Every structure is written in C-alpha cells, then in structure tokens.
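Undergrad: Got a predicted structure here, sequence first:
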Amino acid sequence: MTIPSVVPHRIDPAGGCPHAANARLLDRGAVAPVLLPGDVEGMVVLGHDALKDFLAHPDVAKSARHFTALSEGRIPDGWPLMTFATVQGMTTADDEDHRRLRSLVSRAFTARRVEALRPRVEELTGELLDGLEAAVTEGEDIVELRRRFALPLPMSVICELLGVDEEFRGRLHHLSSQVVATDIGPREAVAANRELVSVLAAVAASRATRPGDDLTSALIAARDEDGDRLSEQELIGTQLLMIIAGHETTLNLITNAVRALCAHRDQLGLVLSGAASWSDVVEETLRWDSPVSYFPFRYPKRDLTVDGTVIPRGTPVLAGYSAAGRDRSAHGPDADRFDVTRASAARHLSLGHGPHYCLGAPLARLEATVALERLFTRFPDLDLAAPDAELPRKAGFVGNSVDQLPVRLRPVAGAALTEGA
C-alpha cells in the first residue's frame with residue numbers, strides 16, 4: 001500500500017467555509033494529503049468511520065515527540081500551529097501521562113460541578129437577554145449577537161469556573177483567538193503565545209495566594225494517587241486548553257446554531273412546537289456545522305493504513321470534524337441538509353472520540369441548550385440582518401464559524417418571514 005500520488009490540498013490559512021472543499025475531498029476518499037501553513041506536509045482524516053477509528057487507534061499519538069518534521073528541526077519558530085503541537089497538557093499527552101493529567105483535571109471538573117453551574121448559566125443568559133431587550137426598546141434595529149450574547153455567556157462561565165478575575169477576561173479572549181488563528185505571521189504568533197502564558201501565570205499566581213472555590217485553585221491543590229501535582233507548565237497548559245475550548249468552541253456552536261435556525265425556519269418551528277428539542281438542535285448543529293473544522297494534531301507512531309491510504313509515521317494529521325459530520329456514508333444521502341429530527345445526529349464526532357474525548361462536553365451542551373432555548377423563547381422572530389453567505393468568516397481553519405452575527409430581534413414592520421431551504 002502506498003500514499004496516493006495526488007496533489008495535496010492546500011489548506012487556506014485564512015479559513016473560510018470548509019464545506020465545499022470537504023465535499024470535493026470526500027468524493028476522493030476518507031483521507032487526503034494536505035499542505036499546512038509554511039508548506040508543511042500533513043494529512044487530514046475526513047470520513048466519519050475512518051476518523052472514529054483513527055481517533056481511538058492505539059498507534060496514534062498526541063505528543064509532539066512523534067512529529068518527525070518538528071524533531072528534525074524543519075518547523076520554524078513562530079509557525080502559527082506550534083502551540084497546538086507543543087503546549088504541555090492533556091491535548092499533547094499520551095498513555096499514562098495523559099491519564100494522570102486527565103485524572104487530576106476530572107476530579108475538579110466533575111459532572112456534579114457542571115450541573116451545579118446550571119442556575120448561574122440561566123442567570124447569565126437572562127441578564128444578557130435583558131440587555132438585548134433593552135437595546136431593542138432603545139431603538140436599535142440590529143444587534144451584533146455574537147459579541148453581545150454568544151461570546152459573553154461561555155466566556156463568563158469558564159472564567160468564573162477557573163477563577164479568572166474580570167480584569168483578565170477581555171485580553172484572554174483576544175489572545176486565545178490569536179493562538180487558534182492560522183493566518184498570522186511568526187512575530188505575532190510568538191508575541192501572542194508569550195503574552196497568553198504571562199496572563200495565565202498571573203491568574204495562577206492570584207489563585208495560589210488567594211485560593212477559592214474555583215477550578216484553578218482545585219488544580220493547584222489537586223494531587224494524584226502518587227502525590228504528584230500539575231507542574232507549572234502543565235497547569236498553564238490546562239488553563240489554556242480550558243479557556244480556548246471552554247469559550248471559543250461554545251461561542252461557535254451557539255453562533256452556528258442561530259444561523260442554522262434562521263436559515264431553516266421550518267426546523268425552528270418544529271422545536272418551538274415541541275416536535276423536537278433544543279438538545280436536538282445542539283446535536284444537529286454539532287454534526288452539520290461543527291464549531292471546529294480541522295483540529296491539530298495527531299501522529300501515527302508507525303506507518304498506518306487508514307481506509308486504504310498510508311499515513312507515514314510522524315505525519316501531522318488533522319481531525320476533519322466538519323467533513324465527518326456531512327459524510328454521506330454515515331449520515332445518509334441528505335447529510336448536507338440541516339434536520340433536527342435526524343436519527344444519526346447524535347453519532348457525530350465533533351466533540352472527539354476515544355481517550356481525548358472532550359472533557360467539557362457536558363458544559364458546552366448545557367450552555368448551548370440554555371442559550372438557544374431562552375434566546376428563541378424571548379425572540380421567536382429573530383432573524384439574520386444580512387444574508388448568511390455575506391457574513392465575514394472567522395479567521396483560521398481550526399475554528400468554523402462567522403466573525404459577526406448581526407440580527408434583528410423583532411421583524412421589520414410589513415416584512416414577511418421566509419422559510420429556510
């Protein structure tokens with residue numbers, strides 16, 4: 001078995017809507033060679049079944065010591081994807097090291113702690129909706145829903161959970177957006193990473209001297225059964241993971257769900273009538289328009305054949321979540337249609353699979369479900385203020401969403417609501 005002699009797909013560092021390119025690649029097969037920023041050779045696993053197997057394969061690693069080009073010094077400083085490869089924490093640990101880190105974190109990030117957040121999530125959602133209601137009352141025809149609702153809800157929740165003081169939150173959002181961007185230059189990438197580490201170190205220092213009932217304090221105090229604690233680098237890496245995964249992905253999830261419901265008002269009608277649930281909306285959005293498009297990195301520890309294609313040992317591999325969600329072989333010939341009653345929706349892989357399955361999945365589902373239910377209950381006629389195709393995309397190919405979400409919360413007098421296709 002040999003690597004197919006096809007021209008690698010050049011991934012656009014600026015991102016953009018991934019679905020058309022995904023469809024073309026899936027027509028060729030479940031695995032495709034790609035060129036990453038800086039002409040670094042890699043692969044992407046796109047097919048649902050192939051990706052599910054790959055994510056759980058025992059010969060697939062997360063540690064960058066298995067990244068051949070990096071270990072051979074062929075990846076330059078300031079490479080925009082370097083943080084994904086080298087940050088120390090659960091996302092780049094394997095085997096016993098991964099289990100140790102996940103055990104320490106999971107003890108402080110329990111299902112009970114997440115469920116205990118429900119009243120606070122509901123309270124924050126209500127406060128944000130009150131603000132939107134006031135804006136309408138004061139005459140604002142159009143509000144920017146991503147910035148004024150979809151962002152502050154998960155950002156406030158994860159920062160309160162981690163014990164991040166208000167003074168740090170705006171900067172953390174900006175810096176985490178820079179870290180996950182794939183279209184910035186080396187100087188900007190290095191500067192953003194350094195400042196983000198500095199801010200997170202300040203948060204940790206604050207909690208070390210003034211511990212509270214928060215996750216950072218619990219992580220500082222947590223020990224495994226052998227008495228080990230998180231190292232300073234592991235603590236900062238864990239904070240970084242939770243800040244980014246805890247708000248960027250949920251921000252995109254809420255944004256994408258609002259866009260989908262506005263474009264498919266028949267589906268919104270099913271939910272408002274009780275024929276489908278808000279949980280159904282969340283799961284179908286995760287499948288149909290995953291908040292993460294291509295997630296870096298995994299590395300085969302040996303030459304590995306995936307769905308008939310060889311991925312050479314040490315190749316950086318992207319998990320193609322947005323493609324797998326619309327794989328017709330898994331979700332039927334109408335996989336590109338948004339359908340909240342779809343039986344296969346819950347089988348998506350957008351929150352991962354295997355030992356690195358998203359630890360924060362219950363929190364993301366809680367936040368998105370509460371946010372969408374309360375938003376459309378308060379504003380059932382909410383609609384986009386611009387065509388979806390004209391909304392500017394979020395920079396970078398890791399996250400998958402738009403950068404702005406202008407909406408009208410009340411229908412324009414005399415205007416008819418249109419049915420989504």
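TA: Received it, and whenever you're ready, just let me know what you need.
Undergrad: Mind naming the longest helix for the protein?
TA: helix 186-209 (DSSP state H).
Undergrad: Can I get that one in PDB? Just the C-alpha atoms.
TA: Output of helix 186-209 as PDB, limited to C-alpha atoms (Å, rounded to 0.1, in the frame of the first residue of the first chain):
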ATOM      1  CA  PRO A 186       5.600  34.400  13.100                       C
ATOM      2  CA  ARG A 187       6.200  37.600  15.100                       C
ATOM      3  CA  GLU A 188       2.600  38.000  16.000                       C
ATOM      4  CA  ALA A 189       2.200  34.300  16.900                       C
ATOM      5  CA  VAL A 190       5.200  34.300  19.200                       C
ATOM      6  CA  ALA A 191       4.100  37.500  20.900                       C
ATOM      7  CA  ALA A 192       0.500  36.200  21.400                       C
ATOM      8  CA  ASN A 193       1.700  33.000  22.900                       C
ATOM      9  CA  ARG A 194       4.100  34.700  25.300                       C
ATOM     10  CA  GLU A 195       1.500  37.200  26.500                       C
ATOM     11  CA  LEU A 196      -1.100  34.500  26.900                       C
ATOM     12  CA  VAL A 197       1.300  32.400  29.100                       C
ATOM     13  CA  SER A 198       2.100  35.500  31.100                       C
ATOM     14  CA  VAL A 199      -1.600  36.300  31.700                       C
ATOM     15  CA  LEU A 200      -2.400  32.700  32.700                       C
ATOM     16  CA  ALA A 201       0.600  32.700  35.000                       C
ATOM     17  CA  ALA A 202      -0.800  35.800  36.700                       C
ATOM     18  CA  VAL A 203      -4.200  34.100  37.100                       C
ATOM     19  CA  ALA A 204      -2.500  31.100  38.600                       C
ATOM     20  CA  ALA A 205      -0.400  33.200  41.000                       C
ATOM     21  CA  SER A 206      -3.500  35.100  42.100                       C
ATOM     22  CA  ARG A 207      -5.300  31.800  42.900                       C
ATOM     23  CA  ALA A 208      -2.200  30.400  44.600                       C
ATOM     24  CA  THR A 209      -2.100  33.300  47.100                       C
END
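Undergrad: And the contacts of it?
TA: 76-80, 82-83, 162-165, 168, 171-172, 175-176, 178-179, 184, 214, 216-217, 220, 232, 235-236, 239-240, 243 (CB atoms under 8 Å, 6 or more residues apart in numbering). Backbone N, C-alpha and C define where each C-beta goes, glycine included.
Undergrad: Count the neighbours of the closest residue to residue 37 other than its chain neighbours for me.
TA: Leaving aside its chain neighbours, residue 37 sits nearest to residue 13 (4.7 Å; criterion: CB to CB, 6 or more residues apart in numbering). By the measure other CB atoms under 10 Å, the count of residues near residue 13 is 17.
Undergrad: Quick one: classify residue 13 as helix, strand or coil.
TA: Classification of residue 13 by DSSP: H, G, I helix; E, B strand; the rest coil places it in coil.
Undergrad: And the strands in the stretch 151-300 of the chain?
TA: Counting by DSSP state E, counting those that start in this stretch, the stretch 151-300 of the chain has strands at residues 294-300.
Undergrad: Do you have the helices of it handy? List them.
TA: 152-162, 166-180, 186-209, 215-221, 232-243, 249-263, 265-272, 278-288 (DSSP state H, counting those that start in this stretch).
Undergrad: Out of these, which gets nearest to residue 134?
TA: helix 152-162 (14.9 Å; CB to CB).
Undergrad: who does the strand or helix carrying residue 372 touch, helix- and strand-wise?
TA: If you go by DSSP states H and E, residue 372 is part of helix 361-378. Packing partners of helix 361-378 (3 or more CB pairs under 8 Å, 6 or more residues apart in numbering; DSSP states H and E): helix 111-116, helix 118-137, helix 152-162, helix 249-263, helix 265-272, helix 278-288.
Undergrad: Going by neighbour count, which residues of the fourth one are buried?
TA: In other words, helix 249-263. Within helix 249-263, the residues that count as buried by 16 or more other CB atoms under 10 Å are 249-263.
Undergrad: just those residues now: which is nearest residue 126?
TA: Taking the buried residues of helix 249-263 together and measuring to residue 126 by CB to CB, the closest member is residue 254, at 15.4 Å.
Undergrad: give the contact list for the closest one.
TA: For residue 254, the contacting residues are 149, 150, 153, 154, 367, 368, 371, 372, by CB under 8 Å, 6+ apart.
Undergrad: Find the residue closest to it in space, skipping its chain neighbours.
TA: Closest to residue 254 by CB to CB, 6+ apart is residue 150, at 4.1 Å.
Undergrad: Tell me the confidence at the spatially most central residue of the chain?
TA: In the chain, the residue lying closest to the centroid (CA atoms, centre = their mean) is residue 249, at 3.1 Å. Note on residue 249: pLDDT of 92.
Undergrad: so who does the closest residue to it other than its chain neighbours touch?
TA: The shortest distance from residue 249 to any residue other than its chain neighbours is 4.7 Å, reached at residue 291 (CB to CB, 6+ apart). Residue 291 is in contact with 248, 249, 250, 251, 252, 253, 256, 350, 399, 400, 401, counting by CB under 8 Å, 6+ apart.
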